[in-house]
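Colleague: Structure of the sequence below:
(chains A and B)
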Amino acid sequence: MAYLSMGEAHRRITEYLNKFSDAVLYQDVTSLARLFSFSSNSPSLLPVADALNVFQDANRLIKQSDKFSQFGEILAQLLRSLQSYRLGNLVDSYQAFEKFANAFIQEFRNWESAWALEALYVIAYEIRVLAERADRELASNGKSPEKLKGAGSFLMKVFGVLAGKGPKRVGALYVTCQLFKIYFKLGTVHLCRSVIRSIETARIFDFEEFPRRDKVTYMYYTGRLEVFNENFPAADHKLSYAFAHCNPLREENIRMILKYLIPVKLSLGILPKAWILEKYNLLEYSNVVQALKRGDLRLLRHALQEHEHQFLRSGVYLVLEKLELQVYQRLLKKIYIIQKQKDPSKAHQLKLEVIVKALKWLEIDMDLDEVECIMTILIYKNLLKGYFAHKSKVVVLSKQDPFPKLNGKPVNS
Amino acid sequence: MATEQPKPATEDVKIDLFEDDDEFEEFEIDEEWEEKEGKEVTQQWEDDWDDDDVNDDFSLQLRRELENNTEKN
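Modeller: Residues are numbered from 1 along each chain as shown, chains lettered A, B, ... in the order given. From the prediction side, this is the model:
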């Protein structure tokens, strides 16, 4: 660090404090937010941080003037956090930041208008990423990482401040999205429920009035939750919303939406066009799609095996595994059409024996009883219309629409 | 599924931090964008793929397989 005189350090700190009190006085939210955008505004904050490490008694400066002392706790903790941030003590920096943030929302609560909302967004974002970095520091010292959980509790408090009636409510969805990111990372997604309920049952505020960036993020995360719940029509609705409204330039986000939307669509009998898989680099789904088109059970199994780790990690493995019934349906339909071309009069009778042979060709060893079992399931799930003649070991297909399409509806469960 | 060798590293993995591989990228606070055209949306999916066409390679092989077997019987 270049030499920094005491006088210069004093000047920098006073300037920073003045910027804060002016921003509040004139309700200049952009200038205000910049003062605690640690992660994105460090070039202009680091000189102040350096000054704090030279001029150790910044608290005296705060106390000296009414202009600053009315925000005493806010400013003292903010400076402390910035100083520790500069020194790379992220746990200390986080702790001070949380105290600063708590003091800030006390003030914020008293402001009638929502002028400072953007500053609160920055706090909500910064506290999350700072907590993640603090946790990394804790973990590398063999201590238990707990700051991200703490940031979650803080943001719940912020949500409470915003979620009521009034002009601040428009900010509630941003905070919700930050909470989702925390809960998904910590694996505590059940905690999303209470915020979702508060967002979705509110009669006083129309969802469409929230900013678009927050609506897209919200629909992405709640869509993923619906995938976990195996509620595919709801997942389709939410993820399709995110897909349709996402910034087209945000290709990585679109890719993540599709990573979940594709298995959901498949489970509803709808396939993505090939160019989507190519454009968004989701080729792990190519063979799954191909297997459905062909009725190729072997290909489906191979595709699941090949990308097992990936599919398990994102939680879509079980969704994809259930596509097997649709692939059976497709295979039977092909056998039926082939028979029909040969001898239309007998086509609606599918001999179990023939199915066993087709499966054997696909390297799936099943005996008559097992195949009978599968047929029963297909009939029960309305993927196959007809009945099973146990004695003659034949599936007698309905003459009308023997292979009902899903048409966007989930397989009966 | 093949049973895997127990991994000695499991302990470390637990101490390691939680991750979400699919964390949505943050939009800028003031990020604006144009909505996609509705036309493009409809060209992304197909729900009419379950046709009666059995002339693809897979179906041709399936037909051959089924015919072979019937002859043997």
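
Colleague: Please make it C-alpha for all contacts and neighbour counts, starting now.
Modeller: OK.

Colleague: A:Q341: neighbouring residues, count only.
Modeller: Applying other CA atoms under 10 Å in any protein chain shown, we find 11 other residues in the vicinity of A:Q341.

Colleague: Just the pLDDT for it.
Modeller: pLDDT, the model's per-residue confidence, is 91 for A:Q341.

Colleague: Packing partners of the strand or helix carrying it?
Modeller: Following DSSP states H and E, the helix or strand that holds A:Q341 is helix A:323-342. Using 3 or more CA pairs under 8 Å, 6 or more residues apart in numbering or on different chains; DSSP states H and E, the elements in contact with helix A:323-342 are helix A:286-294, helix A:297-306, helix B:57-72.

Colleague: so can I have TSV of those showing mean pLDDT, mean neighbour count and distance to A:K147?
Modeller: Below are the helices and strands packed on helix A:323-342 laid out as TSV (pLDDT from 0 to 100; neighbours: other CA atoms under 10 Å in any protein chain shown; distance: least, CA to CA, whole Å):
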stretch	mean pLDDT	mean neighbour count	distance to A:K147
helix A:286-294	96	21	40
helix A:297-306	97	18	37
helix B:57-72	81	14	55
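
Colleague: wait, which of the ones you listed is closest to A:P410?
Modeller: Between A:P410 and those, the shortest separation by CA to CA is 15.2 Å, and it involves helix A:286-294.

Colleague: Get me the contact residues on the stretch 51-200 of chain A for chain B.
Modeller: Among all residues of the stretch 51-200 of chain A, those adjacent to chain B (criterion: CA under 8 Å from any CA of the partner chain) are A:118, A:121, A:135-136, A:139, A:142, A:144-145, A:181, A:184-187.

Colleague: Among the residues you listed, give me the pair with the biggest separation.
Modeller: Taking every pair in those and measuring CA to CA, the maximum separation is 36.2 Å, between A:E118 and A:G142.

Colleague: out of the two, which sits in the busier spot?
Modeller: Each of A:E118 and A:G142 has its neighbours counted (other CA under 10 Å); A:E118 has more, 18 against 11.

Colleague: how about that one, what does it touch?
Modeller: A:29-30, A:33, B:29 (CA atoms under 8 Å, 6 or more residues apart in numbering or on different chains).

Colleague: returning to what we had before: show residues contacting the helix holding A:Q341.
Modeller: Residues external to helix A:323-342 that are found in contact with it (CA under 8 Å, 6+ apart): A:266-267, A:269, A:291-297, A:300, A:346-348, A:350, A:355, A:378, A:383-384, A:403, B:50, B:52, B:54, B:59, B:62-63.

Colleague: One more: stretch A:149-160?
Modeller: The list of residues contacting stretch A:149-160 from outside it, by CA under 8 Å, 6+ apart, reads A:98, A:102, A:105, A:124, A:127-128, A:131, A:172, A:175-176, A:178-179, A:182-183, A:186.

Colleague: Tell me, what's the model's pLDDT at the residue nearest to A:A9 when sequence neighbours are not counted?
Modeller: For A:A9, the nearest residue in space outside its immediate sequence neighbours is A:A51; the separation is 4.3 Å by CA to CA, 6 or more residues apart in numbering or on different chains. Taken from the predicted model, the pLDDT recorded for A:A51 is 95.

Colleague: Kindly report the same for A:N41.
Modeller: Per-residue confidence for A:N41 comes out at a pLDDT of 78.

Colleague: Same check on A:L4?
Modeller: Per-residue pLDDT puts A:L4 at 87.

Colleague: Equivalent analysis for the one 4 residues further on, please.
Modeller: The score at A:E8 is 94. That number is its pLDDT.

Colleague: so it, which of the three states?
Modeller: Three-state call for A:E8 (DSSP: H, G, I helix; E, B strand; the rest coil): helix.
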